[in-house]
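**Q** Just a sequence and a predicted model for now, questions to come.
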Amino acid sequence: MARRRRRSNQLLIPEARQAMDQFKYEMASELGINPEYQSGYWGNISSRECGAVGGHMVRRMIAEAEHNLMRQEGGFK
């Protein structure tokens, strides 16, 4: 019996797809990535540029999570 492999980039909350796509486009714009991605097709964008977008997304999400934790713990307002 063949096992179905789960995709590693599958969103845990499918309703968040639109927000994540918008976030991805914001990061690409901030990084000055080739604007061809705006058509929705990323095939003409280099792997290095795509990786930069993903890396910046992760860094921004981690920073936001740390900020929220500090605020919850009363670290600052």
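**A** Cool, got the structure.
**Q** All the helices of the protein, residue numbers only.
**A** Under the criterion DSSP state H, the chain contains helices at 17-31, 47-72.
**Q** who wins for proximity to residue 40 among those?
**A** Residue 40 lies closest, by Cβ to Cβ, to one member of these: helix 17-31, at 8.8 Å. The way it works is simple: take the backbone N, C-alpha and C, and place the C-beta from them, glycine included.
**Q** Which of the residues in stretch 54-73 are classified as buried?
**A** Buried residues in stretch 54-73, counting neighbours by 16 or more other Cβ atoms under 10 Å, are found at 56-57.
**Q** can you give me the mean pLDDT across it?
**A** Across stretch 54-73, pLDDT averages out at 92.
**Q** C-alpha coordinates for that stretch, CSV please?
**A** In CSV, the C-alpha atoms belonging to stretch 54-73 read as follows (Å, rounded to 0.1, in the frame of the first residue of the first chain):
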residue,chain,number,x,y,z
GLY,A,54,10.8,33.0,2.5
GLY,A,55,13.7,33.8,4.8
HIS,A,56,12.4,37.3,5.4
MET,A,57,8.9,36.1,6.0
VAL,A,58,10.2,33.7,8.7
ARG,A,59,12.3,36.4,10.3
ARG,A,60,9.4,38.8,10.3
MET,A,61,7.0,36.2,11.8
ILE,A,62,9.5,35.3,14.5
ALA,A,63,10.0,39.0,15.4
GLU,A,64,6.3,39.5,15.6
ALA,A,65,5.8,36.4,17.8
GLU,A,66,8.6,37.6,20.1
HIS,A,67,7.1,41.0,20.3
ASN,A,68,3.7,39.6,21.2
LEU,A,69,5.2,37.4,23.9
MET,A,70,7.0,40.3,25.5
ARG,A,71,3.8,42.3,25.5
GLN,A,72,1.9,39.5,27.1
GLU,A,73,4.5,39.1,29.8
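**Q** hmm, back to that, mind putting the helices of the chain into CSV with distance to residue 38?
**A** Below are these laid out as CSV (distance: least, Cβ to Cβ, whole Å):
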stretch, distance to residue 38
helix 17-31, 7
helix 47-72, 13
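**Q** closest one to residue 11 among those?
**A** Closest among the helices of the chain, using Cβ to Cβ: helix 17-31, at 5.8 Å.
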